[in-house]
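Enquirer: Curious how this folds, go ahead:
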Amino acid sequence: MSPNLRSAWDRVQLARNQSRPKTLDYVGALIDPWLELHGDRVHSDDQALVGGLGSLNGRSVVVLGHQRGSDTKENLTRNFGMPRPEAYRKATRMMELAEKFAMPLVCFVDTPGADPGLQSEERGQAWAIAASLYTMANLPVPIVVMVIGEGGSGGALALSAGDRIYMLENSVYSVASPEASAAILWHDAGKARDAAEAMKITAPDLHGFGIVDGILPEPSAGAHTDPGSVVVSVGECLRSALDELERCYGKDEGGYDSARLLHDRAEKYRRIGRWQESSMPHQHLG
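Expert: Coordinates of the predicted model:
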């Protein structure tokens, strides 16, 4: 990888690049056939998050993903990839379909965060995110998550409680944006570059912490410079991960070994952040 792409801030800029492949680019290339489903059956259909049923290399799957725009007009339609409550209720509905039909769930994460507007709060944004997380954590089918761009805050986490989580090399995943963190820590959003370094939000950092399970390489100048090869790499990773999970947890007429699957998923997240103190053996001074 080119040395000028090694800083966390450089990776943030690449993760946000408007030309970077988006969820529907991966769906269009990898999921065939594909049937997109719409609406939360309560309020409306939020186009910042897409979901539906399809086939990945012959395996039936449910797919969810944040969807950003490729230009200003589409970004306005898709709210710059920032889902509102109805998007997370739609996600919960798709997860319940995955459980009903015993289909694995594949999630693409690419959002600066959930929509923070007053109307979203009035419609139950926090509750909708929590319900999505709860449903995902207890879903008795395999879940594979792919962070393809910017994974920001609870808006990303609501689609991220997977059995396997992978990141593209120049994607980022964090509790808040560098700008927001800089504003909180130093009361100066202009220190976002420093915040990005301090927050350890890059794929190598998160893999080292055991938060993500693997990193997919990108072209040296970013995924947008050779999207075809990146899509192929993501497809191979998804198929390999689902094959592994199916071997591990089986699938027959009775479905997956859900008890063991849910136990192992819970243990995966309990291990994150675990630490242990150690001390040097006592030495006698002669």
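Enquirer: Name all residues that make contact with T111.
Expert: A48, H66, R68, G81, M82, P83, E150, G151, G152, G155, A156 (CB atoms under 8 Å, 6 or more residues apart in numbering). For every residue, glycine as well, the C-beta is placed using N, CA and C.
Enquirer: please redo it, this time with the cut-off set to 7 Å
Expert: H66, G81, M82, P83, E150, G152, G155, A156 (CB atoms under 7 Å, 6 or more residues apart in numbering).
Enquirer: my guess is the fifth one is in a strand, correct?
Expert: Yes. According to DSSP: H, G, I helix; E, B strand; the rest coil, the state of E150 is that of a strand.
Enquirer: what about it, distance to P204?
Expert: As judged by CB to CB, to the nearest Å, E150 and P204 stand 16 Å apart.
Enquirer: next one: S132
Expert: When S132 is compared with P204 (using CB to CB), they lie 28 Å apart.
Enquirer: So the two - more neighbours on which side?
Expert: Neighbour totals were compared for S132 and P204, and S132 leads with 29 against 15 (other CB atoms under 10 Å).
Enquirer: Mind checking what secondary structure S70 has?
Expert: S70 ends up coil, using three-state DSSP.
Enquirer: quick one, phi/psi of it?
Expert: Main-chain dihedrals, S70, degrees, to the nearest 10: phi -100, psi -10.
Enquirer: Skip the chain neighbours and tell me the closest residue to it.
Expert: Nearest non-adjacent residue to S70, counting by CB to CB, 6 or more residues apart in numbering: Q18, 6.4 Å away.
Enquirer: Is L139 in contact with E96, as I believe?
Expert: No. At 8.6 Å, L139 does not count as touching E96 under the criterion of CB atoms under 7 Å.
Enquirer: Helix, strand or coil: sort out the nearest residue to R271 once chain neighbours are set aside for me.
Expert: What sits nearest to R271 in space, not counting adjacent residues and going by CB to CB, 6+ apart, is G210, at 6.5 Å. At G210 the chain is in coil, as set by three-state DSSP.
Enquirer: Report the contact partners of the closest residue to M82 other than its chain neighbours.
Expert: The shortest distance from M82 to any non-neighbouring residue, by CB to CB, 6+ apart, is to D115 (4.4 Å). D115 is in contact with N79, M82, P83, R84, Q125, counting by CB under 7 Å, 6+ apart.
Enquirer: Tell me how far the residue lying closest to H43 once chain neighbours are set aside lies from L262.
Expert: Excluding its sequence neighbours, the residue lying closest to H43 (CB to CB, 6+ apart) is E86, at 4.5 Å. In this view, E86 and L262 are 28 Å apart by CB to CB.
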